[in-house]
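Enquirer: Sequence and predicted structure below; questions after.
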Amino acid sequence: MEALKAKLQDRKATAAVIGLGYVGLPLALEVAWAGFKVVGIDLDQNKIAALKAGKSYIGDASDKSIAGAMATGRFLPTLDFAALRDVDTVSICVPTPLSKSRDPDISFILSATEKIRKYLHAGQLIVLESTTYPGTTDELILPELESSGLRVGRDFFLAFSPERIDPGNHFFNTRNTPKIVGGITAECTEIARIFYSQFIERVISVSSTKCAEMVKLLENTFRSVNIGMVNELALMCDVLGVDVYEVIDAAASKPFGFIPFYPGPGLGGHCIPIDPHYLAWKLKALNFQARFIGLAAEINGMMPTVVTTLVGEGLNRFSKSIRGSKVLILGVAYKKNVSDCRESPALDVMRILSDKGAILSYNDPLVPSLRINGHVLKSVELTPATIASQACTVILTDHTAYDFRRIVAASKLVVDTRNVTKDLVEFKDRIIKLGAGNNVASLAEHENDDEKAAVSLVAR
Ligand SMILES: NC(=O)c1ccc[n+]([C@@H]2O[C@H](COP(=O)([O-])OP(=O)(O)OC[C@H]3O[C@@H](n4cnc5c(N)ncnc54)[C@H](O)[C@@H]3O)[C@@H](O)[C@H]2O)c1
C-alpha cells in the first residue's frame, strides 16, 4: 500500500481508463494533465484512431486538448487490454444502459472486469465509475477479482467513485466537481482518495462502495422526481390557465427551501432517464417498491405525447391534421448545446408525429443526421423560407445558436417546450407554450366556438 501511495503522490504511477466516452475521455485527459502516464482503452476502433490522430468526438474535449495530450507522450489510447499489465490504477467508465425489458444491463462492466482480472497484480487500484445499482462493486466485481487469488485491501484495492460530469457545462468540469469515493476496505477508500486528490480539487470519502453507489442514484433520482413533479405542475397549469414558468420564477425568489426545476418535452441522456431504474430494479429484488421513481418515470415518459397533442391542437386552429402536415423539429439533442441524442425525448416526439402521418424534418446545428422509424433524416438548413414552408415549428432543445425571434417571426405556428418565446409577446397568437394555459379540456368545451378555442390556445 505504501509503495502505491508514494507512486500516486509523486505522480509516477501509470493510470488506465477503460471506456473513452463522455465520462472516460475527459477523465483520462485530466489525469494526463496532472502528470500521470495514462493508458486509454476502448473497444471502438474509430475512437482510438481518432484520438491517435489528435481528433475529438465529444463536445467537452477539443481537438486541441487531445492533440496536446498526445504530444506530451503521456496519453496512450489503445484497443489492447494487455496494457493493463503495467498500470497501477484502472478506472472503469463503460456504459450502463437498460436492456430491452428495461432492466440494468451490466454486461459492459462484467466484460471489463474479466479483462482486469486477467492482468490484475499486487499493488493495483481498481475504481468503478459507471453508474450502477448498490451492491455491484462488492457483490460482482470483488468476487471476480478475488478469483485471481489476490486479496482486496491487502494485494489490490477496490473502490466505487461515481462520475458526475455534466456535458456542456462550461463552469463545472472533472477538476472542480467534488468527487465521492467509497472503498471495500478503509485502505481502499484511502488509496482511491489519494489518487483522485492529485487531479480533483475536493474528494469526499464515504464508508462503503454501496454508499458511494447510492449517492449517485440519489442525485439522479432527485432530478428525475423533481422534473416529474414540475412536468405534472405544467399540466396542472395548462388546466388552470396559469403560466407555469411565471409560477416557478416567482417561487424561486424564496431564498431558502426551494430549488427551481423546469418542465420540458421529457427526460434524455444516458443518466436521468436510466439510473433511477437501476435503483428500482435492485429494490424490487428486495421486495421494496420504489414508488416515487415509478411515478416520475410515468409522468416524464408521457411528456412527448403531451407535446404531440399540443402540435395537433395548434394545427386544429388552422383546420389541419397532423397527417399530411409539414412539421419542423428544432433541436433533437437531449439538452442545449450538446450533440448527444441518447434517450432524447425528441426521438419519441418525432416517432409519434411520424406514426401520425406528419411530414417531418428537423434542424439541429450539432446533430447532422438522425434515424427515425427506419429512415435517416438529415438536419435541414434553417432559412426563413424553410421555416415558412412548415405548418408547425416545434422547439424541443434551446440551443444557444438559435435566434428564436427570427425563427418565430418566420413560423406560422410554434410549439415551445422550453419557454424560449417568453419575451416574444408580439407573436403570441402563433405560439403554443407547454404549461402556459393550453387547456385541452377547455378546448373541448369550446368545440363550436373557433374564436374562443383559439384564444384558449394562445400562451399567456
Ligand atoms: N454521459 C454522462 O453525462 C454521464 C455522467 C455521469 C455518469 N455517467 C455514467 O458513466 C458511464 C459511462 O457513460 P458515458 O456517457 O461515458 O458512455 P459512452 O457510451 O459515451 O462511453 C463508453 C465507452 O466505453 C466503451 N466500452 C464499452 N464496453 C467496453 C469494454 N468492455 N472495454 C472498453 N471499452 C468499452 C464504448 O466503446 C464507449 O466508447 C455510464 O455508467 C453512465 O451512466 C455518464
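Expert: Received the coordinates, thanks. Note that the structure is predicted; figures quoted are calculated from it, not measured.
Enquirer: any idea how far the residue lying closest to Ile387 once chain neighbours are set aside is from Ala385?
Expert: Counting by C-beta to C-beta, 6 or more residues apart in numbering, Ile387 lies nearest to Ala410, which is 3.9 Å off, once chain neighbours are set aside. Where you see a C-beta, it was placed from the backbone N, CA and C, and this is true even at glycine. Note on Ala410: its distance to Ala385, by C-beta to C-beta, to the nearest Å, is 8 Å.
Enquirer: Also Arg351?
Expert: With C-beta to C-beta as the criterion, Arg351 and Ala385 are 27 Å apart.
Enquirer: the more surrounded of these two?
Expert: Arg351 (15 against 8; other C-beta atoms under 10 Å).
Enquirer: Which of the helices or strands spans that one?
Expert: Element membership for Arg351, per DSSP states H and E: helix 345-355.
Enquirer: what does that helix rub up against?
Expert: 264-268, 303-305, 307-308, 311, 322, 327, 329, 331-334, 341, 360, 362, 370, 372-373, 394, 396-397 (C-beta atoms under 8 Å, 6 or more residues apart in numbering).
Enquirer: by contact count, what packs against the longest helix that the chain contains?
Expert: If you go by DSSP state H, the chain has its longest helix at helix 209-240. Counting contacts by 3 or more C-beta pairs under 8 Å, 6 or more residues apart in numbering; DSSP states H and E, helix 209-240 packs against strand 156-160, strand 179-183, helix 244-251, helix 275-285, helix 291-317.
Enquirer: Name the residues of that helix that come out as buried.
Expert: 209-210, 212-217, 219-221, 223-225, 227-235, 237-238 (16 or more other C-beta atoms under 10 Å).
Enquirer: does the ligand sit close to it?
Expert: No - using C-beta under 6 Å from any ligand atom, helix 209-240 never reaches the ligand; the gap is at least 7.3 Å.
Enquirer: Could you give the average pLDDT over that helix?
Expert: Throughout helix 209-240, pLDDT has a mean value of 97.
Enquirer: quick one, it and helix 291-317 angle?
Expert: 30 degrees (axes from the mean of the first three to the mean of the last three C-alpha atoms, to 10 degrees).
Enquirer: for helix 209-240, the distance to its chain's centre please.
Expert: 14 Å (C-alpha atoms, centre = their mean, to the nearest Å).
Enquirer: Report the angle between that helix and strand 179-183.
Expert: Using the same axes, to 10 degrees: helix 209-240 against strand 179-183 is 140 degrees.
Enquirer: Give me the most central residue, the chain.
Expert: Gly269 (2.9 Å; C-alpha atoms, centre = their mean).
Enquirer: any idea how far that residue lies from Glu343?
Expert: Taking C-beta to C-beta, one finds Gly269 at 6 Å from Glu343.
Enquirer: now Lys118
Expert: Distance from Lys118 to Glu343, by C-beta to C-beta: 33 Å.
Enquirer: So between these two, which is more surrounded?
Expert: Glu343 (19 against 12).
Enquirer: tell me, how many neighbours does the closest residue to the ligand within the stretch 151-300 of the chain end up with?
Expert: Relative to the ligand, the nearest point of the stretch 151-300 of the chain is Glu163 (3.9 Å; C-beta to the nearest ligand atom). Counted with other C-beta under 10 Å, the neighbours of Glu163 add up to 21.
Enquirer: so it, which of the three states?
Expert: coil (DSSP: H, G, I helix; E, B strand; the rest coil).
Enquirer: my guess is it contacts Pro26, does it?
Expert: No - the pair Glu163 and Pro26 does not pass the contact test of C-beta atoms under 8 Å, sitting 9.2 Å apart.
Enquirer: For Ile116, see how far away the closest residue to Lys115 other than its chain neighbours is.
Expert: Nearest non-adjacent residue to Lys115, counting by C-beta to C-beta, 6+ apart: Phe81, 4.4 Å away. According to C-beta to C-beta, Phe81 and Ile116 sit 8 Å apart.
Enquirer: likewise Lys210?
Expert: For Lys210, the distance to Ile116 - C-beta to C-beta - is 20 Å.
Enquirer: What of Ser197?
Expert: In terms of C-beta to C-beta, Ser197 sits 23 Å off from Ile116.
Enquirer: In terms of packing, which of these two has more residues around it?
Expert: It is Ile116, of Ser197 and Ile116, that has more neighbours when counted by other C-beta under 10 Å, with 22 against 15.
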